[in-house]
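Enquirer: sequence and computational prediction follow.
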There are 2 protein chains.
Amino acid sequence: MERVSRIENFIPKNDARLLEKAEAAKPVLKERTVLPQQGNVPCSLGAGESATYDFGTHWVGYLTVKLGYSGSHPDAPAYFTVQFAERLSEFEENPAAYRGWISKGWIQTETLHADRLPCVVSLPRRYAFRYVRLTVLDVSRKYRVVPEGIECRAVSAADCAFVPALGSGDEMLDRIDAIAVKTLAECMQDVFEDGPKRDRRLWLGDFRLQALANYATFRNLALVRRCLYLFAGTRFPDDRIAACLFTDGEAVADDTWFSDYALMYPVALAEYCQRSGDKEALSDLYEIAQKQIDLTLSMTGADGIVNEEFVEATFIDWCAGLDKAACAQGVLLYALPYGIQLAKMCGDETRAARYREALERGRTAAKARFFDGRHCVSNGQISPASAIWMTLGGVLTEAEAREALLGVLSRPTAYPMVSPYLHHYLLEALLKANDPKAAKEHLLAYWGSMAACGADTFFEVWNPLDPDASPYGGKIVNSFCHAWSCTPSYFLRNRLL
Amino acid sequence: MERVSRIENFIPKNDARLLEKAEAAKPVLKERTVLPQQGNVPCSLGAGESATYDFGTHWVGYLTVKLGYSGSHPDAPAYFTVQFAERLSEFEENPAAYRGWISKGWIQTETLHADRLPCVVSLPRRYAFRYVRLTVLDVSRKYRVVPEGIECRAVSAADCAFVPALGSGDEMLDRIDAIAVKTLAECMQDVFEDGPKRDRRLWLGDFRLQALANYATFRNLALVRRCLYLFAGTRFPDDRIAACLFTDGEAVADDTWFSDYALMYPVALAEYCQRSGDKEALSDLYEIAQKQIDLTLSMTGADGIVNEEFVEATFIDWCAGLDKAACAQGVLLYALPYGIQLAKMCGDETRAARYREALERGRTAAKARFFDGRHCVSNGQISPASAIWMTLGGVLTEAEAREALLGVLSRPTAYPMVSPYLHHYLLEALLKANDPKAAKEHLLAYWGSMAACGADTFFEVWNPLDPDASPYGGKIVNSFCHAWSCTPSYFLRNRLL
């Protein structure tokens, strides 16, 4: 995920005590060796020729290729590329033609020389892929390159074999669940990564969704604990929690703050402590979590509405032109009950009372400002996002919420939902509006259409009406295994069935 | 050097006893750390931007680059190339546009990703270069790449510091000598390589010239011994010695035989034994060396002239359309005295007598066949190459040789000398014709024109009238530090001054 908010003159301040606890919870990755489906059938490749290998499903790991030759002893280096694709269609795109705004460095292509053959080439970088294509760029006239073996050392903190199948009796639901479980597993590495192809980082918004799906599947509490400590240990000098962390090497906060993501920290902490009973984490992280809410309250006017600065710092979704005022308000109202829950766990009655009051005032103000009796309206704009967050903020009654949600979903909108992240919150909202049938239908329509397109894992971006959409100016840099798409398992295992 | 002769159904047969002795003589390479001339001035590079470093002169070695960044913490891999050039003009050529017939794999370019910054990138392959260019192909919007340090771990079996300057009093001669010494040093690695950029192999014809220059400069007898044992230890089942060996890994003979190169084996052995007094090598290698001559004699007709099969297997030079009959004959007659010398060293009078007789008969036949009283004529064709090899074969008197050589050099010819290899033998021939003045003039004209063009080392290919010539369809794959150009030091130190 690439977004624009950026803190000026950002000076990170790491909290060694918290980061030590994060380090102690670092997982030992499970490794397995995976071979391509068709086996290692040797072929021989001359200049310009390729071999494509299908590893059966999505893997995250390290590739080793054994290369031999046919003909005379090699008298020039073999010059070749190894390309990786999560979906076969990526090979149809020309990497050189990518002109989008994020780095071409994300395109999973390596250009290599083998000075001596036979040789074993172990690529040091980690890749996310199902398909591998080996292309000989050039070779001498006297020999050809023979790929004698190719294998992947796949890594993950999770093992899908330990998660029982959903067994819903519905083949498509079972399939959606299995894809979601695989998506989550692939993103569970040293931390909960957003996407193993790109950005390979710990994003707070994605993390909260991963943690939810993880509770319903792998139940890896240590990895959640680790990430909570990482976020807290890298908070800004004013205690704000960064939207994302770099964790390859020493943990470092990105100089990016999303106000709605920061509010997901107390949400995630409350959910974690409820499930784990981890009193140490609660004690260590409580104040930091509540600071995210306090900061938001300090950015709320006397009218009970979050101010413009807060609204502008939200992510919410990628939808261009979306008015986010109602959403931002909804996210605060969504987070406050988790803050109250945390306060109760810590016996902090003063804060609980303060938050209860803020919640009451905020809801009343939101209803007056953003609801016209039928629609959620944010500065004159009606969008699914506004209806979702007004619902999740508890601003509407069940009946109002249902009408607002189904109303906005049933008609064309200039402000459609773009990211699976928002699609997740739509399902939450539909359940809160007590419409599990609509939630299940949407799950089948949205995630089911990815499954129908042959997805091995769920994508970062998906619009069934525009399957080639990319927020980056080229699908070749899209991530096709992305954490924020993994929550069908959460819904199917905990709430829908 | 890439040539075409190729043995069908070639089965290499290594001689372990000889190869063990070659291994024992393997040099420990001298290493030194070299920094670019302008120092490591940090700059910062965005997408599409480059920094070029000048290491002052030619080096063979391994590059390490330390990369940092400016701006935000890197949020995407840095994607960059490192290009190496022996001459700055190589950077003007577009590697993607090379369409010649040898492998693009020889172009010294690496394409890399840095997933984490700062980082130290140590490139595992060896390069031959004076210039290095670092180009950032892409980077994110949030940071720039800062090259914080770049250095080369240069390697060679030789150290120029131990060779005293020529001190001829003539600045240009001193400069030519210094360039030749450097050329030789750069090609002295685990073996005498033809060129450290390309092919990085042990070629027999080049080796004999390197050994000559080495006796006049570094006097590294062990490396000559090693190469003599390598050639003998990888001879073909019928005892022929290959034109070149692959020595990166287990020594392997290329499936290429050049009849004129094979005859340089007894030449090189005799020269080595004379200088070293190495009786063990003489004893081990004598029969193998003489087999090269015996084989040639078996390919000689009753008329005393080498047959067509032998002629077709010669290299001589790259000149298209050159008639090589006179040259091939000349090479045999050039080698025979060395065979006689070897036989004398071993007390093998029978063989010495046989070779003396063959020499006499071959010279007489050659004069009758290839000399018209003024010109050397090979099947109707007059060329410098024919005059050179007739002279070196001792077919002509000094006066005849001088007239033939100067005659053919003074007029335009359709069959010019192309490779520095042949230019070496022209100097030898002019000295044999007792015209050191003409030899010195040619040395100044030919090698001096490379020096005047700013050569740090002497080139694989050089035509002063066509500086961009390439036998490979593109100068970007030419080698600009090539062993067979290094003999000015031999002439300047031993024979001309």
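Expert: Alright, I've got the coordinates. Residues are numbered from 1 along each chain as shown, chains lettered A, B, ... in the order given.
Enquirer: chain neighbours aside, what residue packs nearest to the residue of chain A most remote from its centre?
Expert: The outermost residue of chain A, judged against the average C-alpha position, is A:S72 (49.8 Å), by C-alpha atoms, centre = their mean. Using C-beta to C-beta, 6 or more residues apart in numbering or on different chains and skipping residues adjacent in sequence, the residue nearest A:S72 is A:K142, 3.9 Å away. For glycine as for every other residue, the C-beta is placed from the backbone atoms N, C-alpha and C.
Enquirer: that neighbour and A:Y69 touch, don't they?
Expert: No - counting by C-beta atoms under 8 Å, A:K142 does not reach A:Y69; the two are 9.3 Å apart.
Enquirer: so what pLDDT did the residue farthest from the centre of chain A get?
Expert: According to the prediction, A:S72 has pLDDT 93.
Enquirer: and A:S470, by the same measure?
Expert: Looking at A:S470, its pLDDT stands at 89.
Enquirer: now A:G474
Expert: 88.
Enquirer: A:P95 too?
Expert: A:P95 carries a pLDDT value of 89.
Enquirer: now A:R144. Its backbone dihedrals?
Expert: In terms of degrees, to the nearest 10, the main-chain angles of A:R144 are phi -130, psi 150.
Enquirer: same deal with A:C376?
Expert: With angles defined as degrees, to the nearest 10, A:C376 sits at phi -90, psi 130.
Enquirer: is it in contact with A:I382, as I believe?
Expert: Yes - between A:C376 and A:I382 there is a contact under C-beta under 8 Å: 6.8 Å.
Enquirer: anything in contact with each of those two?
Expert: A:V408 (C-beta atoms under 8 Å, 6 or more residues apart in numbering or on different chains).
Enquirer: if I pick the closest residue to A:T413 other than its chain neighbours, what's in contact with it?
Expert: Using C-beta to C-beta, 6+ apart and skipping residues adjacent in sequence, the residue nearest A:T413 is A:S383, 6.2 Å away. Contacts here follow C-beta under 8 Å, 6+ apart; on that basis A:S383 touches A:C319, A:L322, A:D323, A:C376, A:V408, A:T413, A:Y415.
Enquirer: how about 7 Å then?
Expert: Applying C-beta atoms under 7 Å, 6 or more residues apart in numbering or on different chains, we find A:S383 in contact with A:L322, A:V408, A:T413, A:Y415.
Enquirer: so the third one belongs to a strand, correct?
Expert: It refers to A:T413. No - the assignment for A:T413 is coil, going by DSSP: H, G, I helix; E, B strand; the rest coil, so no strand is present there.
Enquirer: now do the same for A:G149: helix, strand or coil?
Expert: With three-state DSSP as the basis, A:G149 sits in strand.
Enquirer: pLDDT below threshold where in the stretch 351-497 of chain A?
Expert: By pLDDT under 70, the low-scoring segments of the stretch 351-497 of chain A are A:497.
Enquirer: quick one, helices of it?
Expert: With helices called from DSSP state H, counting those that start in this stretch, the stretch 351-497 of chain A shows them at A:384-392, A:398-410, A:420-432, A:436-452, A:488-490.
Enquirer: spell out which parts of the stretch 251-400 of chain A neighbour chain B.
Expert: By the rule C-beta under 7 Å from any C-beta of the partner chain, the part of the stretch 251-400 of chain A lying against chain B is A:V252, A:D254, A:D255.
Enquirer: try 10 Å this time
Expert: Applying C-beta under 10 Å from any C-beta of the partner chain, we find that the stretch 251-400 of chain A lies next to chain B at A:V252, A:A253, A:D254, A:D255, A:T256.
Enquirer: tell me how far the residue nearest to A:T413 lies from A:A414.
Expert: Using C-beta to C-beta, to the nearest Å, A:S383 is found at 8 Å from A:A414.
Enquirer: okay, and the common contacts of those two?
Expert: Common contacts of A:S383 and A:A414, defined by C-beta atoms under 10 Å, 6 or more residues apart in numbering or on different chains, comprise A:C319, A:G321, A:L322.
Enquirer: just checking: the least confident one among those residues is which?
Expert: Lowest model confidence among these falls on A:C319, which carries 92.
Enquirer: what about A:D239, how many residues nearby?
Expert: Around A:D239 there are 16 other residues, counting by other C-beta atoms under 10 Å in any protein chain shown.
Enquirer: in space, what's closest to it - neighbours in sequence excluded?
Expert: Once flanking residues are discounted, A:D239 sits nearest to A:K291: 4.3 Å by C-beta to C-beta, 6+ apart.
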